[in-house]
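Peer 1: what follows is a protein structure lacking sequence information:
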Ligand SMILES: Nc1ncnc2c1ncn2[C@@H]1O[C@H](COP(=O)(O)OP(=O)(O)OP(=O)(O)O)[C@@H](O)[C@H]1O
């Protein structure tokens, strides 16, 4: 079966250093691939190549079998949404942040969609709150709603709970797991937390020095 997302010999070299090397992975529809590995292994660098936030030096990515270089980058980033490691919200209200993509393009905000997404991430009636008044976990949920606002097919999560205390982490993690399943999203989750990978992922790829050193079901790779 055709993979939703497939990387082919994906490689990125920066200033003579190869930070992602020859990575070929397939992620099916409605599945979660966790990317694990120690600090500096190239996990975030790999994720940023998946929606062309960074350009590969070599290799490419196929989305539904189409080489992503044939897809206009703006469309690509709507179809493959990234929730960055730091939630990277802009000063302003929750509504302004969730609907950032429409506001940037000068389009009217879809307030019903904002409200529905805020319900979905368990922040009902928060649209007019200032993001600076929110807790870390709440800000992370706003960042997730902002990414989902454009209705992506693939969700890229970069250490989504790493800045949260353990209780908040468990809540955000549960919410993410639930969202991914119910929305039928394809998800690539970067995490240094192997227990989290075990809880959320269908497949795991372990990175070391920019390369995949193991790939398979969580119980195989994380044993
Ligand atoms: N823009 C860049 N220029 C030069 N080197 C970079 C750049 N981005 C990342 N690197 C290097 O690439 C390597 C991989 O970094 P990356 O952040 O992808 O690792 P990581 O596995 O996500 O680590 P962490 O878990 O600490 O976030 C590191 O050696 C880093 O210093």
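Peer 2: Arrived safely, thanks for sending. Just so you know, these numbers come straight off a predicted model, no measurement behind them.
Peer 1: buried residues of stretch 22-42, list them for me.
Peer 2: When burial is assessed from 16 or more other C-beta atoms under 10 Å, stretch 22-42 yields the following buried residues: 23, 25-27, 31-37, 41-42. For every residue, glycine as well, the C-beta is placed using N, CA and C.
Peer 1: pLDDT and distance to the ligand for these - can I get that in CSV?
Peer 2: CSV is the format used below for the buried residues of stretch 22-42 (pLDDT from 0 to 100; distance: C-beta to the nearest ligand atom, whole Å):
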residue, pLDDT, distance to the ligand
23, 98, 12
25, 97, 15
26, 96, 21
27, 95, 18
31, 93, 21
32, 95, 18
33, 97, 15
34, 97, 13
35, 98, 8
36, 97, 9
37, 95, 6
41, 96, 4
42, 96, 4
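Peer 1: from those residues, which is closest to residue 13?
Peer 2: Distance from residue 13 was checked for each of the buried residues of stretch 22-42 by C-beta to C-beta. The minimum falls on residue 42, at 11.5 Å.
Peer 1: residues contacting the closest one?
Peer 2: For residue 42, the contacting residues are 19, 20, 21, 207, 209, 210, 211, by C-beta atoms under 8 Å, 6 or more residues apart in numbering.
Peer 1: do a quick rundown of the strands in the chain.
Peer 2: Counting by DSSP state E, residue ranges of the strands within the chain are 5-14, 17-27, 32-36, 58-63, 66-67, 80-83, 154-158, 186-190, 203-208, 211-216.
Peer 1: contacts for the shortest one, please.
Peer 2: Yep, that's strand 66-67 we're talking about. Contacts of strand 66-67 with the rest of the structure, by C-beta under 8 Å, 6+ apart, involve 60, 61.
Peer 1: shift numbering so it begins at 826
Peer 2: Renumbered: residue one is now 826, and that last one reads strand 891-892.
Peer 1: strands paired with that strand, and their directions?
Peer 2: Strand 891-892 has the following sheet partners, assigned by DSSP bridges: strand 883-888 (antiparallel).
Peer 1: now the partner strand, how far from the chain's geometric center?
Peer 2: The gap between the average C-alpha position of strand 883-888 and the chain average comes to 17 Å, counting by C-alpha atoms, centre = their mean, to the nearest Å.
Peer 1: go on, stretch 928-941?
Peer 2: Stretch 928-941 has its C-alpha centroid displaced from the chain centroid by 21 Å (C-alpha atoms, centre = their mean).
Peer 1: report the buried residues of that stretch.
Peer 2: By neighbour count with 16+ other C-beta under 10 Å, stretch 928-941 contains the buried residues 928, 934, 938, 939, 940.
Peer 1: and those residues, which is closest to residue 1017?
Peer 2: Distance to residue 1017, by C-beta to C-beta, is smallest for residue 939 among the buried residues of stretch 928-941, at 32.0 Å.
Peer 1: you'd agree the closest one is up against residue 920?
Peer 2: Yes - the pair residue 939 and residue 920 qualifies as a contact (C-beta atoms under 8 Å) at a distance of 5.4 Å.
Peer 1: which bits of the protein sit near the ligand?
Peer 2: 839, 840, 844, 862, 864, 865, 866, 867, 868, 869, 870, 1017 (C-beta under 6 Å from any ligand atom).
Peer 1: now, those residues that are in helices?
Peer 2: Secondary structure defined by DSSP state H assigns 868, 869, 870 of the residues of the chain next to the ligand to helices.
Peer 1: now do residue 905 against residue 835, distance only.
Peer 2: 14 Å (C-beta to C-beta, to the nearest Å).
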